[in-house]
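Engineer: any chance you could fold what I've pasted below:
(2 chains)
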Amino acid sequence: MKVPYKAVKLSAVVLYFAFVLASFPAGFEPGQQIGKNFLSFSLELLKILPSAFVLIGLFEVWVKKEKVEKHLGKGSGMLSHVWVILLAGTTVGGMYVAFPVSYALFRKGAKLSVIFTYLGASAICRIPMIIFEASFMGIKFSVIRLLVSIPLVVLSSIWLGHYLEKRHYQIVEGG
Amino acid sequence: MYYLNLATAVVLFISFLGDRRKTMAGMKMALKILSNILPALLTMLIAISIVLYLIPDRLILHYLGDSGRMVGLILASFFGSVTIMPGFIAFPLSGILLQKGVSYMVLAAFTTTLMMVGILTYPIESKYFGAKVTVIRNVISLLIALIVAVSIGYFFGELS
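Structural biologist: Below is the predicted model of the structure:
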């Protein structure tokens, strides 16, 4: 009999929580540490996710598809990459916010290459992060890193976008 | 994060004044997207909690502090790819390593893979982009991170 993948996954999750919860009365230090890690990262997410998703929801209803298509869609030029890099600079949290935002952009008609630039840039261009970086590693370090990585991100995104566009690739709703 | 939440509340309020029905529709949409990726988020959180236990900060400090340039580069890329760390922890940590004599190149490999290569965010990324594109994107990101690291090494005169 084939065991459904979902059932395996669900029992793994249940097992994980049983293990973590049992670790506290049992005084099992690794399990307690894992539980604390889980909790502290969940709290971190809770501070960011509600706002991020409210903003995504408002973007869905207020921003017109034609607007996004015109500036970030198939007919748009190199400037479109500049717009999304600026958007990425203000993205909060981490990639777990950037993925749903890319999906929202895709639904509004942004082209794939621009979406991949957005994803790459939200990894490397978030402004609060750059401030931290420059203060600990020096401005020279940040400047070189950005000057080298941004062109590479844009070029590889254009390549990947073209490659997938030809194959009629779709970003799907998570789930 | 306090300002983000405050700003969002203000924007939401203005939107609500502007068009009640539209705002409600947007919130419904937001809830739907969020609930769709909730299982993937949970998987990510579980993976993070285990990996952070297996690879604590002091382990990274120990290995990057004591290895040579090539080994350091490989180890740094590995640590950066498999962990997740907010910038306010990663950069102070890198600052300490810098003072211990770790090269800029190795630290660039660590911080750039940390930002760009997300093995722990795979559950979420693959939900939206599919397994194949997620793998391609992360491999490209790893290559870019390595190019960045070597460039940093070059400009800081560490390659000779």
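
Engineer: so how far is stretch A:71-91 off the chain centroid?
Structural biologist: The gap between where stretch A:71-91 is centred and where its chain is centred comes out at 16 Å by Cα atoms, centre = their mean, to the nearest Å.

Engineer: list the contacts for the residue of chain B at minimum distance from chain A?
Structural biologist: Going by Cβ to the nearest Cβ, chain A is nearest to B:Ala30 of chain B, at 2.9 Å. Bear in mind the C-beta positions are built from the backbone N, C-alpha and C, glycine included. Applying Cβ atoms under 8 Å, 6 or more residues apart in numbering or on different chains, one finds that B:Ala30 lies in contact with A:53-54, A:56-58, A:60.

Engineer: how about a cut-off of 7 Å?
Structural biologist: With contacts defined as Cβ atoms under 7 Å, 6 or more residues apart in numbering or on different chains, the neighbours of B:Ala30 are A:53-54, A:56-57.

Engineer: B:Pro123: which of these is nearest?
Structural biologist: Checking these against B:Pro123 with Cβ to Cβ, the nearest one is A:Phe53 at 17.6 Å.

Engineer: just the helices in chain A please.
Structural biologist: Residue ranges of the helices in chain A, as given by DSSP state H, are A:5-26, A:29-62, A:65-72, A:79-89, A:95-107, A:112-124, A:127-137, A:139-166.

Engineer: how does chain A divide up, domain by domain?
Structural biologist: Residue ranges for the structural domains of chain A, counted by automatic domain parsing, are given in the record as A:1-50, A:63-175.

Engineer: now do the first one: distance to the chain's middle.
Structural biologist: By that I understand domain A:1-50. With Cα atoms, centre = their mean as the basis, the distance from the averaged C-alpha position of domain A:1-50 to the chain average is 22 Å.

Engineer: what does the lowest-mean-pLDDT helix or strand in chain B contact?
Structural biologist: With mean pLDDT, DSSP states H and E as the measure, the helix or strand of chain B carrying the lowest mean pLDDT is helix B:57-66 (a mean of 83). Applying Cβ under 7 Å, 6+ apart, the external contacts of helix B:57-66 come out as B:72, B:75-76, B:79, B:93, B:96-97, B:100, B:102, B:106, B:110.

Engineer: near chain A, from these?
Structural biologist: Restricting the contacts of helix B:57-66 to those touching chain A (Cβ under 7 Å from any Cβ of the partner chain) yields no residues.

Engineer: quick check: the farthest pair among those?
Structural biologist: Farthest apart among the contacts of helix B:57-66 - using Cβ to Cβ - are B:Leu75 and B:Ile96, which lie 16.3 Å from each other.

Engineer: looking at these two, which is more packed in?
Structural biologist: Regarding B:Leu75 and B:Ile96, a neighbour count based on other Cβ atoms under 10 Å in any protein chain shown identifies B:Leu75 as having more, with 17 against 14.

Engineer: report how many residues lie close to the spatially closest residue to the more buried one that is not a sequence neighbour.
Structural biologist: Across the structure, with Cβ to Cβ, 6 or more residues apart in numbering or on different chains as the measure, the residue nearest B:Leu75 apart from its sequence neighbours is B:Tyr63 (5.4 Å). Using other Cβ under 10 Å, B:Tyr63 has 16 neighbouring residues.

Engineer: relative to B:Arg69, how far out is B:Tyr63?
Structural biologist: 14 Å (Cβ to Cβ, to the nearest Å).
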